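Q: Any chance you can model this:
(one chain, ligands or ions: 12)
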Amino acid sequence: MYLWSLLVFLCTVPVQSAAPNGPWDAFNYAPESRTVQPRTIRGIQGDVSNADALLNEGTVTLSSNGSYLTVDFGLEVGGLISMTFEAIKPSSAISLSFTESPLFISPLTSDDSAMSASNMSYDGVLHVPPPISPGFWTQPSVMLRGGFRFLTIVSNSDEPVSFSNLTCAISFMPQMEDLRDYTGYFYSLDPAFHDPNFLTKIWYSGAYTVQTDTVPVNTGRQVPFMMHSWANNATLGVAGPIIVDGAKRDRAVWPGDMGIAVPTQFVSTNDLVATKNALSTMFAGMNPETGALPESGPPLSQQGSDTYHAWTLVGSYNYYLYSGDLAWLTNTWPNYTKAVQFLEGKIDDSGLLNVTGLRDWGRLGQGGHNAEANALLYKVWTNSISLAEPLNETALASAWQRNASALKEKYNEVFWLPSRGMYRDNETTTLCPQDANSLAVVFNLTTSAAQASAVSDGLAQNWNEFGPVAPELPDTISPFISGFELQAHFESSNDDRAMELLRREWGYMLYTNISVQSTLLEGYTSNGSLYYRSYQGYDYDPSYTSHAHGWSTGPTSALTFYVLGLMMTSPQGATWSVAPHHSGLSSAEGGFETGLGWFGVKWSASGSSFHLAIDTPADTRGVVSLPMIGTLTIDGEQLWPQNGIALELVGGSHVITVQT
Ligand SMILES: *[C@@H]1O[C@H](CO)[C@@H](O)[C@H](O)[C@H]1NC(C)=O
Ligand SMILES: *[C@@H]1O[C@H](CO)[C@@H](O)[C@H](O)[C@H]1NC(C)=O
Ligand SMILES: *[C@@H]1O[C@H](CO)[C@@H](O)[C@H](O)[C@H]1NC(C)=O
Ligand SMILES: *[C@@H]1O[C@H](CO)[C@@H](O)[C@H](O)[C@H]1NC(C)=O
Ligand SMILES: *[C@@H]1O[C@H](CO)[C@@H](O)[C@H](O)[C@H]1NC(C)=O
Ligand SMILES: *[C@@H]1O[C@H](CO)[C@@H](O)[C@H](O)[C@H]1NC(C)=O
Ligand SMILES: *[C@@H]1O[C@H](CO)[C@@H](O)[C@H](O)[C@H]1NC(C)=O
Ligand SMILES: *[C@@H]1O[C@H](CO)[C@@H](O)[C@H](O)[C@H]1NC(C)=O
Ligand SMILES: *[C@@H]1O[C@H](CO)[C@@H](O)[C@H](O)[C@H]1NC(C)=O
Ligand SMILES: *[C@@H]1O[C@H](CO)[C@@H](O)[C@H](O)[C@H]1NC(C)=O
Ligand SMILES: *[C@@H]1O[C@H](CO)[C@@H](O)[C@H](O)[C@H]1NC(C)=O
Ligand SMILES: *[C@@H]1O[C@H](CO)[C@@H](O)[C@H](O)[C@H]1NC(C)=O
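A: Ligands and ions are numbered 1, 2, ... in the order given. Sure, this is the predicted structure:
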């Protein structure tokens, strides 16, 4: 009978089951349907009658040239607009303009996506010229708008135009019918903050941001850029769906961005096909002579970035860790090792990599013996050791091990500035960058806990009320690099500082009414404005900044990996660790799924006790580190008083309590 029920179970339950339901579902931003309607009317101008009817299956009429109506979808969306034209005259004409931020609502132009321009009106509008046919209409797919919250519909004629049934068919995450069907979840209350649900919201905001950046392969930004318009019909890689940097723009594969976006994807939807397609696209674009990888995917196909080259290699490790896809790894290995050699070829007599491919995440001063790039090289080598294991590449693994150890020593010798307690950018400067210092802690280039903590102290010196101002990109707050800084504070056990960074930086981005209050900004200036990278490539155009960038979603994986404390230490979680950072919170719960099954953690803390429930697949094993010391009970059995040593457990369900 047991066998019978087991067989029924195996036959009926799909491999990918959803995360459990609970109060956290209320904070999932993903819409319930792939077809969404405006939630409110943001404003009207001129002769507009029955605007509110549009929200209730009614008909709205614009009756003079220049009259317009702005609708608010309530959150970031992206896709094709449809409506039903009712009463139409021969000369009736309209245009549509789109924007993420409400600051750029305008009847004359959309926010910019094709290109930046200081007049903030590069993109213009989508014209629907006469004659318009009555009945159902859908915008041309070539003019897909990948990310927006507000839509303005303007009459361009003195003759009236009436329409109803305005909707947007979501184009992102095409492989998911139910966009809310996550494999992972997170839930915690932060009573110290003005919104106690902030942590749960920011986890889901990151997850939804990455969904908006997972797109059909034929919806990339057209290159060369359109003049006074936009087009999103370019082919983005070898297959779709594919993960890109931003919903509105650039809509291209960027491997550095994936260093944050892919861990978010793993803990929330575990839908890694888009990542595989993006990585395969980068390897397919490898220069067959030199082994150089492109900095970005087609049609941009930027070249000349040693750091983004390294990020494709780091991304390969992440993809294998999450998926266990040995077939992909085996197939990619010849190109992977060639790409590692490309970096090794840039190491000079000093033992450090000399960066000559200067492009990077936007920072200034890249080049030479750069500390960020050398931290990435170290991470590439230590990852490669793990990847070599299943492929039995033992000789390579030991060479990489020697290389990595030597680099770690050299790194601390050359870059460490004892007077600052931080790493400097290169040997000719005292500038201590946010990127290298964060990565050095996260990638374990530090040699002691005290050193890692000193770096955390130093990083906090860059903070203002909106977050850390990056010394290597003045006047700029980079949520991408801050995602690594967040991990560095957790890694160095400065949990309160990590929580404060979350509240300042991501609290600002999630609640500010100059953004979309659902997905996360690409970046902003030190005073919180949208003039991100104005002087560094973005032509003083704040409307070009993306409001849904996967690289800004660092909190999603950090809350799962550090606050819950659940991490994988081998592919798909065959081995795992649980080490909660309780960070002043009283409870947290959540988990994720891999091909091996469900991994869940639920903990609660009071002054004198800590309760922890862990659920992992039966065939796995892991190590548990508890955040407090006391009398230990595991699954109802009392053990000797705990002395701080980590516990080893086999998979299954366990309940652990510590009482001081
Ligand atoms: C805005 O600037 C761009 C780039 O310089 C230019 O092509 C475009 O015509 C300008 N738009 C308007 C409305 O002036
Ligand atoms: C509508 O107004 C615009 C801007 O004032 C003008 O350029 C255009 O010619 C007008 N269209 C009609 C049909 O009157
Ligand atoms: C309303 O729009 C939806 C989807 O956008 C479409 O399926 C439906 O046919 C439309 N209804 C009418 C009456 O046109
Ligand atoms: C994309 O659309 C533009 C504008 O319509 C067109 O010029 C271009 O050829 C199209 N590209 C592709 C790849 O279809
Ligand atoms: C390996 O790189 C070459 C270019 O050097 C490319 O043509 C090929 O598609 C790549 N193969 C894989 C599996 O990445
Ligand atoms: C060293 O770092 C400083 C500060 O970032 C930068 O200005 C300088 O250009 C760098 N040196 C080289 C050789 O790139
Ligand atoms: C790095 O290589 C470039 C180009 O060969 C060279 O000009 C530069 O001096 C090197 N930098 C260092 C720090 O060795
Ligand atoms: C590595 O070696 C093990 C043990 O000899 C073997 O089972 C496995 O198939 C090998 N893997 C590969 C990719 O050759
Ligand atoms: C690092 O290891 C590789 C083996 O892949 C070896 O060929 C290379 O010379 C080593 N590089 C350094 C700088 O030690
Ligand atoms: C960090 O590096 C040290 C060697 O410098 C090593 O002993 C330690 O195990 C590493 N930590 C992790 C988590 O890999
Ligand atoms: C944002 O809120 C402030 C304060 O309530 C208000 O003054 C401002 O107009 C709002 N801005 C937008 C774009 O809604
Ligand atoms: C905020 O910073 C931007 C970019 O530095 C600047 O253009 C803008 O004037 C500043 N805004 C305020 C209110 O200070």
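Q: Can you give me the buried ones in stretch 186-198?
A: Within stretch 186-198, the residues scored as buried using 16 or more other C-beta atoms under 10 Å are 186-190, 197-198. In this view, the C-beta of every residue, glycine as well, is placed from N, C-alpha and C.
Q: could these go into TSV alongside secondary structure, pLDDT and distance to Ile94?
A: Shown next, in TSV, are these (DSSP: H, G, I helix; E, B strand; the rest coil; pLDDT from 0 to 100; distance: C-beta to C-beta, whole Å):
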residue	secondary structure	pLDDT	distance to Ile94
Phe186	strand	98	43
Tyr187	strand	98	44
Ser188	strand	98	46
Leu189	coil	96	46
Asp190	coil	91	45
Asn197	coil	98	40
Phe198	helix	98	40
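Q: Adding distance to Val414 as columns, could you present these in CSV?
A: Converted to CSV, the buried residues of stretch 186-198 look like this (distance: C-beta to C-beta, whole Å):
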residue, distance to Val414
Phe186, 40
Tyr187, 44
Ser188, 41
Leu189, 45
Asp190, 40
Asn197, 45
Phe198, 40
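Q: from the residues you listed, which is closest to ligand 6?
A: Distances from ligand 6 to these, taken as C-beta to the nearest ligand atom, are shortest for Phe198 (34.2 Å).
Q: ok, and the closest non-adjacent residue to the closest one?
A: Asp190 (5.3 Å; C-beta to C-beta, 6 or more residues apart in numbering).
Q: Tell me who's in contact with the one you found.
A: 196-199, 499, 503, 585 (C-beta atoms under 8 Å, 6 or more residues apart in numbering).
Q: give the contact list for the residue in the stretch 551-660 of the chain positioned nearest to ligand 12.
A: Proximity of the stretch 551-660 of the chain to ligand 12 (C-beta to the nearest ligand atom) peaks at Ser552, 18.8 Å away. By C-beta under 8 Å, 6+ apart, Ser552 lies in contact with 206, 209, 260, 479-480, 483, 509, 520-523.
Q: 10 Å instead, please
A: Applying C-beta atoms under 10 Å, 6 or more residues apart in numbering to Ser552 gives the contacts 205-206, 209-210, 246, 257, 260-261, 264, 478-480, 482-483, 505-506, 509, 519-523, 546.
Q: So which of those residues reach ligand 11?
A: Checked against ligand 11 using C-beta under 6 Å from any ligand atom, the contacts of Ser552 yield no neighbours at all.
Q: These in helices, which ones?
A: Among those, the ones falling in helices (DSSP state H) are 205-206, 209-210, 257, 260-261, 264, 479-480, 482-483, 509.
Q: would you turn these into CSV with neighbour count?
A: Supplementary listing: the ones in helices among the contacts of Ser552 in CSV, determined by neighbours: other C-beta atoms under 10 Å:
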residue, neighbour count
Ser205, 28
Gly206, 33
Thr209, 31
Val210, 33
Asp257, 29
Ile260, 28
Ala261, 33
Thr264, 31
Pro479, 27
Phe480, 24
Ser482, 29
Gly483, 30
Met509, 27
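Q: Does the residue in the chain positioned nearest to ligand 11 lie in a helix or a strand, and which?
A: The nearest approach of the chain to ligand 11 comes at Asn513, 3.7 Å away (C-beta to the nearest ligand atom). Following DSSP states H and E, there is no helix or strand that holds Asn513.
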